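*Asks:* A structural model of the following input is requested.
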Amino acid sequence: MSDKYINDAGSADDSPRREDEGSSGKGNYRKSFHYRRRKYFKPKPVQEQEARHSFKKLSIIIPLFNEEESINPLSHEIRKAVRPLNMAYEVIFVDDGSRDKSLKVIKDIVRQDKRFRFLSFQKNYGKSAALQVGFKNATGDVVVTMDADLQDDPAEIPNLLKKMAEGYDLVSGWKKVRHDPFIKKHSSRFFNYVTRILSGIKIHDFNCGLKSYKKEVTDTLRVYGELHRYLPVLAKWNGFTISEIPVKHHPRRYGKTKFGISRFFKGFIDLVTVIFSTRYIKRPMHFFGFFGVIAFLAGIIVNGYLTYLWITGESLSNRPMLFLGMLLIIVGIQLFSVGLLGEMVVHNSIDEREYIIKDKG
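*Replies:* Predicted coordinates for the structure are as follows:
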């Protein structure tokens with residue numbers, strides 16, 4: 001003999017009653033109901049809920065240059081990736097002076113879907129300028145950047161947001177398996193290694209186009225030249241927390257890579273700029289003064305040694321080391337003086353608006 005119980009989905013359950021359940025059906029019904037409720041309405045993991053609900057609006061910024069064939073499939077993939085998040089979003093295409101039909105394709109998309117917007121430069125200013133303008137025009141409280149060549153996978157966007165829900169301010173993608181030409185792949189690895197050593201930030205891929213930021217991070221960044229390669233460094237030195245996740249990287253489907261050997265050398269020049277501007281811009285004496293003291297002491301040691309030889313009767317007329325010692329002393333004094341002048345300039349130009357306030361009451 002079996003009793004029927006109505007489960008939470010409204011259907012009959014013909015499972016037999018156990019003999020030790022007793023004659024009362026009320027308690028058995030409650031047990032059966034709560035069991036099925038736990039089974040069919042199992043709560044989603046907290047991390048997934050945070051990834052979906054901790055941000056109100058998502059802004060996706062896509063800088064591009066001559067990518068007319070990639071734009072439509074990219075737009076389709078973005079819609080498919082963002083739909084499960086159930087959150088408001090906008091996509092901002094920043095056309096960096098394209099000479100093909102990229103702008104026309106973008107305008108067609110914008111007319112059909114109001115969640116898509118665009119900005120178009122009169123000429124090619126570079127990726128850093130495109131990102132800076134995109135950051136300024138973004139309205140979401142979380143910002144994701146990605147390239148338009150279909151090598152970055154929009155399906156990684158939920159994973160970036162999930163990682164940010166753990167409390168990070170910036171999450172960078174790591175192209176652990178890269179599908180790039182040999183020279184670009186290995187020069188990038190060398191570039192990332194040097195940047196990691198000089199900056200002290202332990203991530204593997206500084207230049208990955210796929211990144212997510214809190215809006216307060218992008219509001220503090222000033223991006224120009226080739227500084228788009230060092231956004232994690234700039235953010236870290238502004239006091240924000242950084243992390244990374246491995247992301248999927250696809251081979252390029254259309255067009256040619258914009259990478260050139262000149263960009264490689266420009267990147268390293270800008271690395272020096274970043275290191276100086278983040279660590280020493282407000283304390284130039286620590287930079288110039290350090291090297292000035294080292295040069296001055298080295299000159300003193302060299303000339304002290306030569307002075308000892310002169311006292312012991314050795315001639316210094318054919319000693320080029322004498323000029324080296326004098327040069328080191330002069331350079332040391334000059335570097336120290338530059339550092340001192342820099343400190344005076346910084347002292348007289350301190351502005352409270354330059355400090356980033358996290359919270360106030």
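*Asks:* use CA for all of it now, contacts and neighbours both
*Replies:* Fine.
*Asks:* any low-confidence regions in the stretch 51-200 of the chain?
*Replies:* Residues of the stretch 51-200 of the chain meeting the criterion pLDDT under 70: 51-53.
*Asks:* hmm, try it at 80
*Replies:* The stretch 51-200 of the chain contains residues with pLDDT under 80 at 51-54, 179-188, 198.
*Asks:* could you pull out the strands in this structure for me?
*Replies:* 5-6, 12-13, 57-64, 88-95, 116-120, 142-145, 170-174, 211-214, 242-246 (DSSP state E).
*Asks:* show me what the fifth one is in contact with.
*Replies:* Contacting residues not belonging to strand 116-120 are listed as 90-97, 103, 106-107, 109-110 [Cα atoms under 8 Å, 6 or more residues apart in numbering].
*Asks:* which segments of the chain make up each domain?
*Replies:* 5-40, 48-279, 284-354 (automatic domain parsing).
*Asks:* can you list those in CSV and add mean neighbour count?
*Replies:* Formatted as CSV, the domains of the chain follow (neighbours: other Cα atoms under 10 Å):
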stretch, mean neighbour count
domain 5-40, 12
domain 48-279, 18
domain 284-354, 16
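*Asks:* related to what we said a few turns ago, as CSV, the contacts of strand 116-120 with distance to Pro246 would be great.
*Replies:* Output for these, formatted as CSV (distance: Cα to Cα, whole Å):
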residue, distance to Pro246
Glu90, 24
Val91, 23
Ile92, 24
Phe93, 25
Val94, 26
Asp95, 28
Asp96, 28
Gly97, 31
Leu103, 32
Ile106, 29
Lys107, 33
Ile109, 30
Val110, 31
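*Asks:* may I ask which two of those residues are separated the most?
*Replies:* Of all pairs drawn from these, the one with the longest distance (Cα to Cα) is Glu90 and Gly97, at 21.5 Å.
*Asks:* all helices of the stretch 151-300 of the chain, in order?
*Replies:* With DSSP state H, counting those that start in this stretch, the ranges of helices along the stretch 151-300 of the chain come out as 157-164, 182-199, 215-218, 231-237, 261-279, 284, 290-311.
*Asks:* redo the ones you listed as JSON lines? Include distance to Lys123.
*Replies:* JSON lines is the format used below for these (distance: least, Cα to Cα, whole Å):
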{"stretch": "helix 157-164", "distance to Lys123": "30"}
{"stretch": "helix 182-199", "distance to Lys123": "26"}
{"stretch": "helix 215-218", "distance to Lys123": "24"}
{"stretch": "helix 231-237", "distance to Lys123": "24"}
{"stretch": "helix 261-279", "distance to Lys123": "18"}
{"stretch": "helix 284", "distance to Lys123": "36"}
{"stretch": "helix 290-311", "distance to Lys123": "41"}
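*Asks:* tell me which of the ones you listed lies nearest to Val82.
*Replies:* helix 157-164 (7.4 Å).
*Asks:* report the angle between that closest one and strand 242-246.
*Replies:* Helix 157-164 runs at 140 degrees relative to strand 242-246, counting by axes from the mean of the first three to the mean of the last three Cα atoms, to 10 degrees.
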